[in-house]
Each structure stands twice: as C-alpha cells, then as structure tokens.
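> for reference, the sequence and a predicted model appear below.
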Amino acid sequence: MLLVLSTGFALSQAFRTVAAIMAAPLAADFHLSPQALGLFAGAFHFAFGALQLLMGIGIDLQGVRRTVLVAFPLAIGGAVLSALAPSFGVLVVGQVLIGIGCAPAFLVCTVFIARHFAPERFAAVSGAILGLGSCGMLVTSTPLAWLIEASSWRMGFWVLAAASLLAWGAIAAVVHEPAPPASSAPRESLGSAVRTFASLLLLPHTWGILALALVTYASFVALRGLWLGPMLMQRHGFSLVASGNVALSMTLIAIAGPPLFGRIDPGPGRRRRWLVGFTVVCAGLFAVLAFDAHAGADIALALAIGLLSGYMVLQYPDVKGAYPMAVTGRAMALFTMAMFLGVALMQWVTGAIATAAQARGIEPFQAVFGAIALMLAAGALAYRVLPQPPREG
C-alpha cells in the first residue's frame with residue numbers, strides 16, 4: 001500500500017520540477033520574463049503549501065485513502081488545463097489546481113509510515129520512500145526534453161495527466177487502511193482540529209523547525225526545478241537535451257541521498273546538529289555556484305547539492321519526535337506547509353531577483369544563487385538559536 005501511495009508522490013515530484021525543462025519553450029511561447037517563470041514555478045508550491053493544514057485535518061479525521069482520492073483528481077484536471085492553456089494566466093491556474101491536487105501526496109506517505117511502522121524505522125522508511133518518489137523527477141529531465149523537442153511542452157502535461165490518472169486508479173484499488181480501534185471518546189470536530197493547529201504554533205520550538213523548513217527543500221527545488229536548465233543554457237550554451245541530461249544525473253544522485261541519510265540517522269541526540277551542519281555546507285555550495293565558473297565545475301556543484309539534499313529527510317523524524325502521536329498528521333502538515341510555501345517563496349523571490357539583476361547588468365544566476373546561500377544560512381541560524389523541543393525520540 002505504501003508503494004502505491006508513493007506513486008502519487010512521484011507524480012507530484014514530476015509536476016514540481018517541470019519548470020527546469022519547460023522554462024525556455026514557455027518563455028518563447030508566452031514571452032515571459034524570469035520573474036514570470038518564477039511565478040509559474042511557484043504557483044504549484046503556493047497552492048501545495050497553503051492546503052497542507054486542510055490536508056492534515058483531512059488525514060487525521062477522514063484517513064489517508066479518502067483524503068488522497070478526493071484531492072488528486074484536481075491534479076489531473078490541472079494538468080489537462082495546462083496542456084490546453086491559451087494564455088499564461090490560464091497556465092498559472094492549471095498549476096494552482098495541480099498544487100491543490102498533489103497537496104496530500106507525500107503527507108499521506110509520512111503519516112502512513114508513522115501509523116504502521118515501528119518508530120525506530122521511521123527515518124529509514126521515510127528516506128526510502130522519499131528516494132523512490134523522487135524518481136518522478138527522472139521524467140522531467142532527459143525524457144521531457146526529448147518529448148518537448150519532438151512535439152511541444154503541452155505534450156508533457158498530457159503525459160503527466162495520463163500518468164496521474166493511472167496512479168489515482170491504483171491507489172483506489174490497492175490502498176485500504178485498517179479500521180481504527182473502537183473508542184468511546186467523541187469524534188474530534190473540525191473546529192477542534194483547527195484549534196490544534198493554532199496550539200502547535202504557540203509552542204516555542206515550532207518556530208525553529210518552521211524556519212529551517214522554509215529554506216532547505218526550497219533550495220534544492222529552486223535549483224533542480226527552476227534554475228538548472230536556464231543556467232546551463234544561458235551561462236554555458238547547453239542545448240535543451242544536454243541540460244536534461246544534467247538534470248537526469250542530478251536526479252539520480254538525489255534519489256540515492258534520502259535512503260542513505262535515513263539509514264545513517266544519528267538519532268535524536270545528534271540529529272539537530274547534523275541538520276544545522278549540512279544546511280551550512282549546502283549554503284557554501286550555493287555561494288560557490290554563484291560565480292560563473294567552468295561548466296564542469298557548475299555541474300559538479302549541482303550534483304553535490306543533489307546528493308547532500310538527502311540530509312533533509314532527517315527533518316521528518318525531527319518533527320515526529322517533537323510532537324505527540326495524536327497530532328502527528330497535523331504536525332507533519334504544518335511542517336510540510338512551511339516547506340512548500342518556502343519553495344514557492346524562494347522561486348518567486350529568486351525570479352524577481354533575476355529580473356532585477358538583468359536590469360542592472362548583473363549575471364542573474366550569480367544573484368540568484370547568492371541569495372539562496374544567504375537564505376540557507378539564515379534558516380540554519382534561526383533553527384540553532386530558537387528554542388528546541390523539550391523532548392525528542
């Protein structure tokens with residue numbers, strides 16, 4: 001059942017990274033600026049992140065299966081609308097629908113793991129599923145580049161819509177959660193569930209967790225999902241397919257990262273120090289990437305970031321250990337909301353930064369990657385100095 005649930009997550013990974021390969025043809029068709037491309041890439045994540053609280057409530061009150069089956073058809077409809085989009089505005093609406101439909105995709109996996117696997121296996125199983133689901137990004141590398149060159153970017157959305165329909169059908173056929181144990185306690189109301197979210201925000205240690213969540217995964221998706229293709233084509237003169245090949249290599253390496261870090265999870269005693277340390281290392285890699293170096297150096301840096309991004313899986317057991325099991329779904333939803341709103345914000349902000357840099361005669365990627373490095377450093381600092389959970393594990 002978990003493997004079938006991960007197909008929805010794999011599709012969400014594909015949808016969130018299409019901009020890296022579609023950026024050039026979209027810019028040509030709709031005459032888009034870098035800021036508009038950032039809006040296109042960020043629309044999915046704004047919708048995805050904004051719906052996390054609602055999805056967390058849905059999972060806690062209605063279950064994993066029902067929540068994902070109700071939401072995911074919106075992703076299918078959004079992909080169809082994007083394929084048919086006559087204008088940039090309609091395309092953005094399609095991205096918003098896809099983001100809403102994919103909103104529970106990984107959250108249902110993490111909650112399923114928390115409910116049905118032993119606590120000591122949480123990090124390892126989460127890492128394996130994160131790596132497996134990341135296979136969706138393979139589609140938005142060389143295969144998507146070939147498809148666009150052979151037909152158009154619209155065909156990419158048609159293929160993703162068809163794959164999403166198949167995934168929805170598989171989830172409907174295979175995933176059946178065990179019935180919850182009988183309880184004499186009254187069923188939690190929607191209002192009570194919403195108040196629980198508010199209570200999570202009142203806990204001092206929540207803010208450090210959210211500060212780090214805003215920047216970690218956002219940095220990886222900003223590179224792999226938006227700026228990698230444009231950087232290689234504009235900075236180094238790569239073709240679309242050649243850029244897709246680099247994206248494919250980065251994705252393959254990134255897939256190996258989460259299972260690796262999930263297995264070497266140091267446990268609650270040292271996990272937070274690892275999170276700070278690896279975030280600082282990634283900030284340093286982005287700072288070096290900001291400089292217009294040789295193409296081989298930029299590719300090596302992108303691959304290194306892809307591999308090290310696996311450490312972000314350690315944030316999930318960090319969140320799980322910081323809150324009671326009764327609110328696991330909502331705590332994960334709050335964390336995931338911050339993570340994907342951070343992705344949307346970083347893509348939108350870096351798009352604006354790139355446009356402003358171009359207007360001032362500055363190489364846009366230097367400004368973009370320098371800003372990402374600063375945001376990572378700020379997130380690590382906030383996570384380190386803000387209050388920590390009173391207990392973990």
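Yep, that arrived.
> residue 256 contacts residue 310, correct?
Yes. Shown here, residue 256 and residue 310 form a contact pair, counting by CB atoms under 8 Å, at 7.1 Å. Backbone N, C-alpha and C define where each C-beta goes, glycine included.
> looking at those two, which is more packed in?
Each of residue 256 and residue 310 has its neighbours counted (other CB atoms under 10 Å); residue 310 has more, 25 against 14.
> is the nearest residue to the more buried one once chain neighbours are set aside in a helix, a strand, or coil?
Nearest residue to residue 310, sequence neighbours excluded (CB to CB, 6 or more residues apart in numbering): residue 257, at 2.1 Å. Following DSSP: H, G, I helix; E, B strand; the rest coil, residue 257 is assigned to helix.
> coming back round to it: can you work out which residues contact both of residue 256 and residue 310?
When contacts are counted by CB atoms under 8 Å, 6 or more residues apart in numbering, residue 256 and residue 310 have residue 131 as shared neighbours.
> what sits against the residue nearest to residue 310?
Per CB under 8 Å, 6+ apart, neighbours of residue 257: 131, 306, 307, 308, 309, 310, 311, 313.
> how about residue 289?
Counting by CB under 8 Å, 6+ apart, the residues that residue 289 touches are 298, 301, 302, 305, 365, 369.
> what do you get if the cut-off is 6 Å, keeping everything else the same?
By CB atoms under 6 Å, 6 or more residues apart in numbering, residue 289 lies in contact with 301, 369.
> so how far is residue 259 from it?
Distance, residue 289 to residue 259, using CB to CB, to the nearest Å: 25 Å.
> state the distance from the residue nearest to residue 310 to residue 152.
From residue 257 to residue 152 the distance is 33 Å (CB to CB).
> tell me who's in contact with residue 12.
Residue 12 neighbours (CB under 6 Å, 6+ apart): 102, 105.
> 8 Å instead, please
48, 75, 102, 105, 106, 133, 136.
> helix or strand: which one has the first one?
By that I understand residue 48. Take DSSP states H and E as the rule and residue 48 turns out to sit in helix 34-50.
> quick one: average confidence on that helix?
Mean pLDDT, helix 34-50: 87.
> quick one, the helix or strand following that helix and helix 34-50 angle?
The helix or strand immediately downstream of helix 34-50 is helix 52-62, counting by DSSP H and E. Between the axes of helix 52-62 and helix 34-50, defined by axes from the mean of the first three to the mean of the last three CA atoms, to 10 degrees, the angle is 20 degrees.
> any buried residues in helix 52-62, and which?
52, 53, 54, 55, 56, 57, 58, 59, 60, 61 (16 or more other CB atoms under 10 Å).
> try stretch 375-393
For stretch 375-393, by 16+ other CB under 10 Å, it's 375, 376, 377, 379, 380, 382, 383, 384, 386, 389, 392.
> farthest-separated two in these?
Using CB to CB, those reach their maximum pairwise distance at 375 and 392, which is 25.7 Å.
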